[in-house]
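1. predicted model and sequence follow; I will ask about them next.
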Amino acid sequence: MIIRPYGDTTGDGMVQVSFTLPVPAGKAGDGAARQLATKMGLEPALVAHSRAIGDGFTFFVVYGRVSHLVDTDQVIVVERDHPLLTPAEVNTEIRRLLRRELVVVGACIGTDAHTVGIDAILNIKGFAGEKGLEYYREIKVVNLGAQVAVDDLVTRARHERADAVLVSQVVTQRDAHLLNTRAMSDAFATAYPDGNRPLLVVGGPRFDEGSAADLGVDRVFVRGTTPSEVASFLVHRLGSRDLGASA
Amino acid sequence: MIIRPYGDTTGDGMVQVSFTLPVPAGKAGDGAARQLATKMGLEPALVAHSRAIGDGFTFFVVYGRVSHLVDTDQVIVVERDHPLLTPAEVNTEIRRLLRRELVVVGACIGTDAHTVGIDAILNIKGFAGEKGLEYYREIKVVNLGAQVAVDDLVTRARHERADAVLVSQVVTQRDAHLLNTRAMSDAFATAYPDGNRPLLVVGGPRFDEGSAADLGVDRVFVRGTTPSEVASFLVHRLGSRDLGASA
Amino acid sequence: MLELDPTTIATARQLAAQVGRPIVDLARAHTTTSVERATLRLAGLAGADPDGTPWANRLLDAVRADLGIEHGVALPVWDALRREDADLLTLAQKAAAGSVRFELPSERHRDAVRAAASIAVRRGLTRIDRRRQERERLVTEIGDAPRKPWIYLIVATGNIHEDVEQARAAARAGADVIAIIRSTGQSLLDYVPEGLTTEGFAGTYATQANFRLVREALDETSRELGRYVRLTNYASGLCMPEIAALAGMERLDMMLNDSMYGILFRDINPLRTFVDQRFSRQVHARAGIIINTGEDNYLTTADAVDAAHTVTVSQLLNEYFAKEAGLEDWQLGLGHAFEIDPDLDESFRLELAHALLARTLFPDAPLKWMPPTRHMTGDVFRGHLLDGFFNLAGALTGQGILLVGMMTEAVVTPWLSDRDLALQNVRYVLNAASNLHEDFRPAPDGFIATRARQVLAEAIDLLGQISHDSTGLLGAIGDGTFGLMRRPADGGRGLDGVAAKSEHYFNPATEELDR
Amino acid sequence: MLELDPTTIATARQLAAQVGRPIVDLARAHTTTSVERATLRLAGLAGADPDGTPWANRLLDAVRADLGIEHGVALPVWDALRREDADLLTLAQKAAAGSVRFELPSERHRDAVRAAASIAVRRGLTRIDRRRQERERLVTEIGDAPRKPWIYLIVATGNIHEDVEQARAAARAGADVIAIIRSTGQSLLDYVPEGLTTEGFAGTYATQANFRLVREALDETSRELGRYVRLTNYASGLCMPEIAALAGMERLDMMLNDSMYGILFRDINPLRTFVDQRFSRQVHARAGIIINTGEDNYLTTADAVDAAHTVTVSQLLNEYFAKEAGLEDWQLGLGHAFEIDPDLDESFRLELAHALLARTLFPDAPLKWMPPTRHMTGDVFRGHLLDGFFNLAGALTGQGILLVGMMTEAVVTPWLSDRDLALQNVRYVLNAASNLHEDFRPAPDGFIATRARQVLAEAIDLLGQISHDSTGLLGAIGDGTFGLMRRPADGGRGLDGVAAKSEHYFNPATEELDR
Ligand code: B12
Ligand code: B12
Ligand SMILES: Cc1ncc(COP(=O)(O)O)c(C=O)c1O
Ligand SMILES: Cc1ncc(COP(=O)(O)O)c(C=O)c1O
């Protein structure tokens, strides 16, 4: 289906934009803002507000109509291609598949110390009313906490014979989350024989779900993830994977 | 000069966008939002917020980096190509040019009743500390007020032998301001022999200064206009115009 | 609440009465084309001719051509009905075709004609009575708004069908009152458009069909939500009496109806306006409709601090005129607004002072609290913050009807998302600070109380001047006392539609309503 | 202010002392690598080797290799200096090259060595004293912040040169205090980086050179603006003592310095932290630096309502430790935050209750009031509104240091425009409602007072439990009492850098500071 932004009538295409330009406030500045807005597709573009910040900078609020069409059929979303299981179901699956506990090693790598997110997934306390993975009888959770160096993570994963490694990245300034994630996946790639490494799962509020392949991991989770989504994914993947190897 | 938006470091190109799409909230919705943002040039585009409005709609806030470059040399602004005069100077100029009062007819046309703007230009009270045109000894102001029909405006302009007609348009919904302005300039074109019509000046907070030609008027003023800017423009144009005709 | 000297308050009301009485006398002594058309509409005349001119206008114009309006339409029209023995519509059509001559009934028919007219008009009033009972029933049946202030949201798509959708969405999102903005300029039309309309600028037309469509839709939504959602529109303008009649017959719940708005902001003749507003308010009173007055508008053209007392004066006058027309305290949505320059020191406390003054002067009226508009800019972030403080002032000072402010006030007519953000804003403030007023205790002689007393004193001075000036209120309006708008008594639109009542004047509607 | 029973308050302080005393005894009985390095830095050792390891670390490690740190570095180092008769830097270089052996001075040299060490270290302390006087002079000369609360703005570009620009812009835009955020992870470095730095995530490094550069830039801006603009950075971490020393020597004006933050949020060993924080606070006390504590952080991991009393407990402990270390009331920027779920009923009044409790418990401390962070979302409009109510709460409850909240809290590190919008927000609120507190009178037994008393009671209960439990505060920290973070006494980073003082232990800095 083809749709357009909706201001107050179907198809009006109205959007709001704000940004700062390194120009002094004034007519020329407004013109520069209009130029940028036009390049973004706003036509006409109304510079509704411009305010000087310090000397060299001006902040702008622009309203306008974009002609871009959104084709909802072209939207690629990482939809769950597997059922969402209850803890009980997850436990049974694990027993069936592994005949032993599923070992999950979790950490917040690099210099990132934001553990609330990963704890929401791992700790019993859980998130959004769901209990975390520690609550699952058949899952053994090793939560390494924050600011874990990639090498230490690999070593611990090995030592714990981890089936899955869960990594959180919240700080994204200067793409820290991408750099750290790639460093992590590379390290596992080199440390393990092909196809034999644990499942690599990263999560954080500012990741792009579609970037798993690009980051060299098996799955990327974003804001609002709940523990059961993660657990269901893990058993699903382990099921559809040759287990002889990792055993 | 080539510049880019400034978030917190030079050249980072960061902008904020918000809009509503006629889609239900959810992953697919976020994907649609990302698609639109990408078409606007945000790469990567982070859907920071999405919230359902009613059933069929979702509001999005998106942050991201645009690669568009702004070329400040390409910015066209309607810069004043004439000096900004004091009331005294304006009066002298008028005396020199016309040897009589300059007649200005002002109105808020169509169904628009927003007179504060035009009154700010015409009334003695003025705007931003400047006195309005009524204060100028050599200017005769006929302020017809709000919701004046175009035909009545033309008739009065004729009857007053107006040198300039000042029109305000504040309501812009469904391009009311453009429709009304065009209707007005057409009416004057037909009512007056070529090159003989009074100066046509429109103003309002949501006009594009560059649209004068397109609207068939001599000048467009926008938000923040002050009376002296208008007065200076009038005498400048009258000066650079063959006066025999209008006399 | 503030401590205000009761005698000072009494003086203020007395002066307002002195200033208002001569205006009421004028209103009683005159009639207008719209008053007479409203009478025809109450008697059941509806619909329009092929080019959209309402039959009420066609019939009235015919009568007027023959006799003028100074005797009222009732006598000539029902006399003609007797002669032609036709129904109103047929008569209107014949009259439009020019095949009817109108005259006053002869002595021997006069009583019969009066009686016939009265019966016909009473039908309209009875319909209004039924609609009022219906509202009362629905409110008890379905339930009322959960709290005060009522949350009042504007819808203005310019297409009645989009309006219906957005009105429902707004109600579901938490609005207690929905206002359908009408098209710019309708107030200057000397007739009420007919049918469902899908055009207009910054809103679509106020028509009987549109009223009915939206009210029905909201009845449905009200049931769905378990709370009766109120509907409002605008009366002020050249057709105040007729729109009031239609609103009553279609069970609108509130109407914007100000005694001076049309004069000041639409340049409608003062006399015309005062005659029309009195009749329209009598109809509102009967219909159990809550009126909203327009003092807030003054602060969009005059400074909210300098002109604060003119708002108080206008509120007192609106109260006087309203009560004289039969409205009760609970029906008086007196207007005021949060329009003080936000860059002014203590601006928020000044707003609190003004809001508390109104609250204290009119303890039983559901005050209408308008959001910042004039000082809103394209900085929508700042605007959203200002609206939050407006909401807080509303909660702290116990306002009755809270108009939801939109961050895009200075940019566009509200977007769907603007309304949603605005409602979240209101909900946060009302929820997070709902009972903060318990901790809000302005010192008896502190900044707030002192400012409130000063404004009241200035209001009393102004009323005093007006009442002593021979030209009275009309003179004051001519001098730009309100909203800096100068409107001379003999200027403005619609004066030609006013006539002094003749000694034969008869209008069954006013007879009934004046009781 | 609230009415609180003085004896209840006294009890709370007593209990805090009972809980804190054993920790102070521990701190006195131990030293750490960072304390000893700080001593060397005070004695003038600066700079780093070619791969960036500070000479202070190189020298200390050499000493430690030979003797451990339990005797302190002073005796072995100044004994070696005597033998080698070199200056500190040369000695460090030789030691790094492995060409020096360290030992305790022999009986006959001990006094001379102590004396030499004391003279050297006192030079550093004198420099700190001079910087303090300099600040006092500048504040009187240039002028101080115009009002309370002081407006505190964060700068975090990750490049010190961009930081300088943004710091100046922020000051011109109205900030009274500028915080340069350091790079994530610096707190886990067991050394202080050297030189001007242009990298880092979410901030750049805290180095002596960076401190100096920004302070000088702000001195210039302060003169330009006619008000002394304060500079802040972070002490907490593995190098608290050294950073404190550098901050004192470079005239920083405030430091984030919490007795437990490192333990809870950086998993640094409790013993290490308690020893380091004591020394660092003694240095801050001497430097006339205002500390900011970190209770606000607890509310980012624990619920602001359920855990409200843990904030109070932590404030009381931070106060106890601070005073024991010689800090005075005016130097205690005790932390708390506006972190209650905004969807909670009465959330705003609950915030007011908590803020007033802190205000009343610590009347002479410049409380640090932190903005909403946890409940901020990508809805920047809603966020801007929340920040406005945070600002209002700050104004109503007389907070001392107002951290400016940014609408993009949940999205990015602050943008230039975010700071500007945030400052406008603060300015509007402080200006429009500056004296609203005069009208804010929580009823003695109303919602707010009751809630405040309840939180205080819960705090006293908790302190009681901790003081009766044999494991005391260390046990409580192990159980996740604060911020739901469980940190066992023997866990965490940096324990290997702690040693019990030997009977020979000598440290001229502590001797001087303990006076
Ligand atoms: C709490 C918090 C802190 C706490 C952290 C306490 C702790 N132990 O975690 C404290 C106060 C210590 C802190 C410190 C700092 N913080 Co901080 N902090 C936040 C805050 C307010 C909330 C983060 C949070 O807890 N969200 C709640 C959780 C549940 O959501 P979540 O992390 O998104 O997790 C969910 C999903 O993402 C997903 N998920 C996340 N991880 C994983 C992993 C896996 C495997 C899976 C499957 C799923 C998953 O599932 C979770 C549940 O749905 C945010 C601002 C905000 N409102 O977002 C800033 C924020 C994250 N912090 C920030 C920064 C910069 C810092 C500091 C560097 C300096 C500063 N500004 O304070 C320091 C240093 C921290 C460091 N070294 O990393 C920035 C990051 C900017 C950026 N985009 O890079 C933010 C955005 C604030 C800001 N705008 O400046 N912070
Ligand atoms: C004041 C006001 C009113 C007053 C008008 C009183 C009066 N006598 O003018 C009242 C309350 C009556 C009113 C009513 C309505 N208003 Co109104 N109103 C405003 C408001 C709050 C301020 C406008 C204003 O006075 N600005 C101050 C003046 C000085 O600025 P200005 O007009 O831009 O003028 C300057 C320049 O533009 C320029 N200029 C302007 N005209 C001219 C002409 C010439 C020749 C020159 C040289 C220069 C010039 O110079 C001026 C000085 O610098 C705006 C919202 C806002 N904050 O902008 C809404 C707004 C304009 N109103 C609006 C609407 C829709 C209405 C209504 C239709 C319904 C409603 N929402 O209330 C009604 C009906 C009005 C009608 N029939 O036209 C919308 C318009 C939406 C749109 N973009 O189309 C706005 C934007 C509010 C909104 N978001 O809904 N309104
Ligand atoms: C009292 C009153 N009447 C009527 C209106 C609307 O009138 P119009 O339709 O002429 O814009 C308003 C708008 O603010 C008002 O306040
Ligand atoms: C008391 C205290 N110390 C230090 C920090 C910063 O520490 P780090 O640099 O480890 O993020 C904070 C941040 O919020 C803090 O509150």
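-> Structure's in. What do you need? Ligands and ions are numbered 1, 2, ... in the order given.
2. stretch C:238-247 near ligand 3 anywhere?
-> No: interface with ligand 3: stretch C:238-247 contributes nothing (Cβ under 6 Å from any ligand atom), its closest point being 9.3 Å away. (C-beta placed from N, C-alpha, C; glycine too.)
3. chain center to that stretch: distance?
-> 10 Å (Cα atoms, centre = their mean, to the nearest Å).
4. put the alpha carbons of it into CSV.
-> What follows is the C-alpha trace of stretch C:238-247 in CSV, where atoms were taken according to Å, rounded to 0.1, in the frame of the first residue of the first chain:
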residue,chain,number,x,y,z
LEU,C,238,-24.8,37.8,11.7
CYS,C,239,-27.0,34.8,12.3
MET,C,240,-26.7,34.4,16.1
PRO,C,241,-30.5,33.9,16.6
GLU,C,242,-30.9,31.3,13.9
ILE,C,243,-27.8,29.3,14.8
ALA,C,244,-28.9,29.4,18.4
ALA,C,245,-32.3,27.9,17.4
LEU,C,246,-30.6,25.2,15.3
ALA,C,247,-28.2,24.4,18.1
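5. for it, give the mean pLDDT please.
-> Regarding stretch C:238-247, the rounded mean pLDDT is 98.
6. number of residues surrounding the residue in the stretch 401-515 of chain C that ligand 3 sits nearest to?
-> Using Cβ to the nearest ligand atom, the closest approach of the stretch 401-515 of chain C to ligand 3 is made by C:L403 at 9.9 Å. Neighbour count of C:L403, defined by other Cβ atoms under 10 Å in any protein chain shown: 27.
7. C:V229 now?
-> 28.
8. distance of the residue nearest to C:F338 when sequence neighbours are not counted relative to chain A?
-> Nearest residue to C:F338, sequence neighbours excluded (Cβ to Cβ, 6 or more residues apart in numbering or on different chains): C:F390, at 4.2 Å. Per Cβ to the nearest Cβ, to the nearest Å, C:F390 is found 19 Å from chain A.
9. cool, C:A353 as well?
-> Distance from C:A353 to chain A, by Cβ to the nearest Cβ: 30 Å.
10. what's the answer for C:T39, then?
-> Taking Cβ to the nearest Cβ, one finds C:T39 at 38 Å from chain A.
11. for the helix or strand containing that residue, packing partners?
-> In the assignment (DSSP states H and E), C:T39 maps to helix C:33-42. In terms of contacts (3 or more Cβ pairs under 8 Å, 6 or more residues apart in numbering or on different chains; DSSP states H and E), helix C:33-42 is packed against helix C:55-67, helix C:107-142, helix C:240-249, helix C:270-287, helix C:508-514.
12. now with 10 Å, please.
-> For helix C:33-42, the packing partners by 3 or more Cβ pairs under 10 Å, 6 or more residues apart in numbering or on different chains; DSSP states H and E come out as helix C:55-67, helix C:74-84, helix C:88-97, helix C:107-142, helix C:240-249, helix C:270-287, strand C:498-500, helix C:508-514.
13. could you dump it to PDB, C-alpha only?
-> Output in PDB follows, covering the C-alpha atoms of helix C:33-42 (Å, rounded to 0.1, in the frame of the first residue of the first chain):
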ATOM      1  CA  THR C  33     -33.800  39.900  10.100                       C
ATOM      2  CA  SER C  34     -32.100  37.100  11.900                       C
ATOM      3  CA  VAL C  35     -34.400  37.200  14.900                       C
ATOM      4  CA  GLU C  36     -37.400  37.000  12.500                       C
ATOM      5  CA  ARG C  37     -35.800  34.200  10.500                       C
ATOM      6  CA  ALA C  38     -35.000  32.300  13.700                       C
ATOM      7  CA  THR C  39     -38.800  32.600  14.500                       C
ATOM      8  CA  LEU C  40     -39.600  31.000  11.100                       C
ATOM      9  CA  ARG C  41     -37.100  28.200  11.700                       C
ATOM     10  CA  LEU C  42     -38.600  27.500  15.100                       C
END
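14. quick one: mean pLDDT for that helix?
-> On average, helix C:33-42 scores 98.
15. got the angle between that helix and helix C:240-249?
-> On the basis of axes from the mean of the first three to the mean of the last three Cα atoms, to 10 degrees, helix C:33-42 is oriented at 30 degrees to helix C:240-249.
16. quick check: residues of the stretch 151-300 of chain C near chain B?
-> Applying Cβ under 10 Å from any Cβ of the partner chain, we find that the stretch 151-300 of chain C lies next to chain B at C:156-158, C:165-166, C:168-170, C:172-173, C:183-189, C:199-203, C:265-267, C:300.
17. pLDDT wise, what is C:E220 at?
-> So, for C:E220, pLDDT stands at 98.
18. residues contacting C:D79?
-> C:102-106, C:109-110, C:112-114, C:116-117 (Cβ atoms under 10 Å, 6 or more residues apart in numbering or on different chains).
19. do the helix ranked longest in chain A and chain D come into contact?
-> When chain A is parsed with DSSP state H, its longest helix is helix A:176-191. Yes: between helix A:176-191 and chain D, judged by Cβ under 10 Å from any Cβ, the touching residues are A:176-177, A:179-180.
20. and the closest residue to chain D within the stretch 201-350 of chain C, helix, strand or coil?
-> Closest contact between the stretch 201-350 of chain C and chain D, by Cβ to the nearest Cβ, is at C:F348 (3.8 Å). In three-state terms, and counting by DSSP: H, G, I helix; E, B strand; the rest coil, C:F348 is helix.
21. just to check, it is in contact with C:P342?
-> Yes: using Cβ atoms under 10 Å, C:F348 makes contact with C:P342 at a distance of 8.4 Å.
22. between the two, which one's more packed in?
-> C:F348 (27 against 22).
23. tell me the spacing between that one and chain B.
-> Distance from C:F348 to chain B, by Cβ to the nearest Cβ: 24 Å.
24. with C:V380 instead?
-> 9 Å.
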